[in-house]
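Participant: Compute the structure for the input listed below.
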Amino acid sequence: MATHKWNVTDLPDFSGCTAVITGANSGLGLVTAQALAGAGAHVVFAVRDLARGGAAAARAGGSTEVRRLDLADLDSVREFAAGWDRPLDLLINNAGVMMLPEQRTQQGFEMQFGTNHLGHFALTNLLLPYVTDRVVTVSSGLHRGGDGVISFEDVNLRGRYTPTRAYAQSKLANLLFTLELQRRLAEAGSPVRALSAHPGYAATNLQSHHGSALMRGVMAVGNKVFAQSDRAGALPTLFAASQDLPGAAYVGPDGLGEMRGAPTLVGRSAAASDPAAARRLWTLSEEMTGVAWGLKPVS
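Facilitator: Numbers count the residues shown, from 1 in each chain. Next up is the predicted model:
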């Protein structure tokens, strides 16, 4: 007898819940938004381009709204958070850039670390007083790549930049952020949970921005031949957003090499499980963003 594999039809009823999804206008973010809106959630599309976001929200159906957020600009992150004034059940840190040529954020940080990690770090802490259920941050199996550790001596990788090294570091940072966020939430006596997910190898537009033309071609072929669909790639995020999982859990596909398949709990590298590195990254992130821990410990 075949074992049931979890899929989008297994989502519980999200009626009455509010979710903010960064980068919800395309790819995994849009699929995630469509699924949650279809399950009854009110979904906020946090996007750089309001016109594209509006068009995507219209396609999603259900209860949606669109708000501007540019994770590569901390002023935009602060503006988004300052405009938030109601309970938030679910924050999904989904947006990201992948393997770009070397670029800088508005504040001068390396673009992948600045967008994928620092922008979400600031957003999460600024919104945390409103979050009632969980924060899900999208990482990648490629967190094991690059140098395999955070380059604390210079996270901006000046003189050492490669698209792959920077992307791997940013995705490792996502996991360490989740680990330390969960520790702090527990210490503060908060019921909110921090979780991570990765999509495996999912065909999205992220792979089209690699700094190497050769790698863009390789990835285009890989998307057609090996990758699973964006709908399948969004399942780990939806699983993490909806199932009763322990704090700091990491969800990915159950297939060979975690490349494709149904969502399940998966492992991570030793570097991604290092509490000392997680605390060090948190302190550095506070210094870089000027955003401090969003909750105070229970006295």
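Participant: the strands in the protein, which residues?
Facilitator: Ranges of strands in the chain, per DSSP state E, are 18-22, 42-47, 63-68, 88-93, 131-138, 193-197, 250-253, 263-265.
Participant: Out of those, flag the one nearest residue 165.
Facilitator: strand 131-138 (19.5 Å; CB to CB). Yep, even glycine has a C-beta here, placed from its N, CA and C like the rest.
Participant: Note down every partner strand of that closest one and its orientation.
Facilitator: Strand 131-138 has its sheet partners listed here by DSSP bridges as strand 88-93 (parallel), strand 193-197 (parallel).
Participant: Of those strands, which stretch is the most buried?
Facilitator: Sort the strands paired with strand 131-138 by mean neighbour count, taking mean count of other CB atoms under 10 Å, and strand 193-197 sits at the top with a mean of 27.
Participant: Convert the C-alpha atoms of that strand to PDB, please.
Facilitator: In PDB, the C-alpha atoms belonging to strand 193-197 read as follows (Å, rounded to 0.1, in the frame of the first residue of the first chain):
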ATOM      1  CA  ARG A 193       8.800  29.300  16.500                       C
ATOM      2  CA  ALA A 194      11.600  29.900  14.000                       C
ATOM      3  CA  LEU A 195      12.000  27.300  11.200                       C
ATOM      4  CA  SER A 196      13.900  27.000   7.900                       C
ATOM      5  CA  ALA A 197      13.100  25.200   4.700                       C
END
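Participant: Show me what that strand is in contact with.
Facilitator: Contacts to strand 193-197, defined as CB atoms under 8 Å, 6 or more residues apart in numbering, come from residues 133-139, 174-175, 178, 181-182, 185, 236-237, 239-240, 245-252, 263.
Participant: Quick check: mean pLDDT of it?
Facilitator: Throughout strand 193-197, pLDDT has a mean value of 98.
Participant: Then stretch 103-116?
Facilitator: 98.
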